[in-house]
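> after the sequence you'll find the predicted model.
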Amino acid sequence: MGILTNSGNEIDELVRQKFGEREYLVAFKNDTIEKNLLKLFISNFVYVMDSARSYILVFDKNGIYEKEISNELKGDFVLIPWHEIDEFNVKVGSRKAVISFLHVGKRVGYEVPLKATIYKNNPNHLQELLDKSWNQV
């Protein structure tokens, strides 16, 4: 929800302060079709609110740092260590990329927009991360 209330410059500065010069992605939560249908069945409100959650993803040798973007950029990044990640997959299309993996047996997925102006750095950062094997050392 917070991507509309936070500018790209604010997000750049937050990542720079925490990690230095680093590629990052702005992404939305990406659930399985089954999970989306269940949420839609339970409540349209829950479906809309959950599917609109946006994240900053920073990749380094330790793992994936995730931070949900809310109305404020306060709070900290949560580390998902590489040794807890299995079946890491990336599917790149013309308008979006989908990153999915198993974290301690649970499926986690993110949709990375590639054409929207608010996410102008996503295409370049995605390519750099692909070239650098997601900064895994």
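That came in fine, so what should we check first? Numbering: from 1, shown residues only.
> quick one: least confident helix or strand in the chain?
Counting by mean pLDDT, DSSP states H and E, the weakest-scoring helix or strand in the chain turns out to be helix 44-51, with a mean of 46.
> can you name the element that comes right after it?
Using DSSP states H and E, the helix or strand that follows helix 44-51 in sequence is strand 54-60.
> so how far is the longest helix belonging to the chain off the chain centroid?
Longest helix in the chain by number of residues (criterion: DSSP state H): helix 8-19. With C-alpha atoms, centre = their mean, to the nearest Å as the basis, helix 8-19 stands 15 Å off its chain's centre.
> and the contacts of that helix?
If you take C-beta atoms under 8 Å, 6 or more residues apart in numbering as the criterion, helix 8-19 is touched by 22, 24, 26, 56, 58, 60, 65, 69, 73, 77, 118-121. Where you see a C-beta, it was placed from the backbone N, CA and C, and this is true even at glycine.
> does S100 really touch K29, like I thought?
No: using C-beta atoms under 8 Å, S100 is not in contact with K29; the gap is 11.2 Å.
> which neighbours do the two share?
Common neighbours of S100 and K29, using C-beta under 8 Å, 6+ apart, are 109-110.
> how far does stretch 112-121 stretch from start to finish?
End-to-end distance of stretch 112-121 (C-alpha to C-alpha, to the nearest Å): 11 Å.
> quick check: mean pLDDT of that stretch?
Stretch 112-121 carries an average pLDDT of 84.
> repeat that for stretch 23-35.
For stretch 23-35, mean pLDDT rounds to 77.
> list the buried residues of stretch 86-102.
By neighbour count on 16 or more other C-beta atoms under 10 Å, the buried set for stretch 86-102 is 96-97, 99-101.
> any chance of the residues you listed in CSV with pLDDT, distance to K132 and secondary structure as columns?
Shown next, in CSV, are the buried residues of stretch 86-102 (pLDDT from 0 to 100; distance: C-beta to C-beta, whole Å; DSSP: H, G, I helix; E, B strand; the rest coil):
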residue, pLDDT, distance to K132, secondary structure
K96, 92, 21, strand
A97, 94, 15, strand
I99, 96, 15, strand
S100, 94, 19, strand
F101, 95, 17, strand
